[in-house]
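1. next input, structure requested:
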Amino acid sequence: MKKVRKGSQPKKYQDWCKKVAGTAKEDYREMPKDIRATLLAALVEEQGGLCAYTMRKIDAEVSSHVEHIKPETRCRADLQGTDLDYKNLLACYPKSGMKAGFRFGAQEKGDWWENNGAAFVSPLDPNCEKRFHFDLDGNITAVANHADAVATIGILRLDHDSLTDNRKRVIHEYIYGDEGNDPLSPTTATRAVSNVCKANPDGYFHEFCIAIRDALGEHLKDLKKLAQRRKYSRKK
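-> Down below sits the predicted model:
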């Protein structure tokens, strides 16, 4: 999971929210399609083109929807208009209404909101990137077996086989090359650890960048062990 830093809401969305404030139209379901499209595009850009829950690559046209961290139905039940709170909105895979072949992320979470979301690690949590660890094969674990991280992995099915396979594919291509036989050198891998989670000039992040960063650390450890074995063999 990558930290999402919320910015300013798009003016078109902000103006519409002001227009409907205090009326029966102050409801996410009442939002015009063009306003919703503007909102989704802004969220995708804000997140650097990554799904807030899974770190899959997304865009605003064919692969994402507006996700409520606290489900919109729960928001409306608590207080009218709170389903429009920009701080509660993310862009997530898949597109609204799209039937995915595998359920993970937002589709798996659905309307879950037990105990007011107390056990859920949100992408807005400043420490969310430190709560999970990924290995070279894309597997995810909770750091120090932290209870909230363990729960979140289950709530979002971040350990789903399909999602894990996707992470593994991207990790292996990044570290070992397209053919799997050109591993990064220690120098290049060390440099990549510092750079892989930086946005490109267009403001977009590498798919599964946090997972790649963790895997690079594992790769460097393997290279160090290999170098030590070779050094030991030469001494014999």
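2. in the protein, where's the longest helix?
-> Secondary structure of the chain per DSSP state H: the longest helix is helix 209-235.
3. the helices in this protein, which residues?
-> 11-20, 33-46, 72-78, 106-109, 147-156, 161-176, 186-195, 209-235.
4. which of the ones you listed sits most buried?
-> Stretch with highest mean neighbour count among those: helix 106-109 (a mean of 21; mean count of other Cβ atoms under 10 Å). C-beta: built from backbone N, CA, C; applies to glycine.
5. circling back: elements contacting the longest helix of the chain?
-> Counting contacts by 3 or more Cβ pairs under 8 Å, 6 or more residues apart in numbering; DSSP states H and E, helix 209-235 packs against strand 132-134, helix 161-176, helix 186-195.
6. figure out which of the helices of the chain is closest to residue 116.
-> Among the helices of the chain, helix 72-78 comes nearest to residue 116, with 8.8 Å by Cβ to Cβ.
7. show residues contacting the closest one.
-> 27-28, 68, 82-83, 85, 88, 111, 113 (Cβ atoms under 8 Å, 6 or more residues apart in numbering).
8. show only the entries of those found in strands.
-> When DSSP state E defines the strands, the subset of these inside them is residue 68.
9. among the contacts of helix 72-78, which one lies nearest to residue 122?
-> When the contacts of helix 72-78 are compared against residue 122 (criterion: Cβ to Cβ), the nearest one is residue 88, at 9.7 Å.
10. so the closest one sits right up against residue 66, yeah?
-> No. Applying Cβ atoms under 8 Å as the test, residue 88 and residue 66 come out as separate, 10.2 Å apart.
11. just to revisit the earlier point, for the helices and strands packed on helix 209-235, which one sits closest to residue 107?
-> Residue 107 sits nearest to helix 161-176 of all these, at 11.3 Å, using Cβ to Cβ.
12. chain center to that closest one: distance?
-> 15 Å (Cα atoms, centre = their mean, to the nearest Å).
13. helices or strands next to it in the packing?
-> Counting contacts by 3+ Cβ pairs under 8 Å, 6+ apart, helix 161-176 packs against helix 209-235.
14. how about residue 141, nearest residue that isn't a chain neighbour?
-> Ranked by Cβ to Cβ, 6 or more residues apart in numbering and with sequence neighbours excluded, the top spatial neighbour of residue 141 is residue 133, at 5.2 Å.
15. how far away is that neighbour from residue 94?
-> Distance of residue 133 to residue 94, computed by Cβ to Cβ, to the nearest Å: 26 Å.
16. same check, this time on residue 168
-> Taken as Cβ to Cβ, the span from residue 168 to residue 94 is 20 Å.
17. domain map for the chain?
-> 1-108, 131-236 (automatic domain parsing).
18. right, and those - which one's nearest residue 123?
-> The closest of those to residue 123 is domain 1-108. By Cβ to Cβ, the value is 4.3 Å.
19. how distant is that closest one from the center of its chain?
-> 14 Å.
20. thinking again about what came up before, PyMOL command for the buried members of the contacts of helix 72-78?
-> In PyMOL, this line selects whichever of the contacts of helix 72-78 come out buried by 16 or more other Cβ atoms under 10 Å:
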select buried, resi 27+28+68+82+83+85+88+113
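21. need the contacts of helix 72-78 in JSON lines with distance to residue 210 and pLDDT, can you?
-> JSON lines is the format used below for the contacts of helix 72-78 (distance: Cβ to Cβ, whole Å; pLDDT from 0 to 100):
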{"residue": "27", "distance to residue 210": "35", "pLDDT": "98"}
{"residue": "28", "distance to residue 210": "29", "pLDDT": "98"}
{"residue": "68", "distance to residue 210": "23", "pLDDT": "98"}
{"residue": "82", "distance to residue 210": "30", "pLDDT": "97"}
{"residue": "83", "distance to residue 210": "29", "pLDDT": "98"}
{"residue": "85", "distance to residue 210": "26", "pLDDT": "98"}
{"residue": "88", "distance to residue 210": "22", "pLDDT": "98"}
{"residue": "111", "distance to residue 210": "27", "pLDDT": "94"}
{"residue": "113", "distance to residue 210": "25", "pLDDT": "97"}
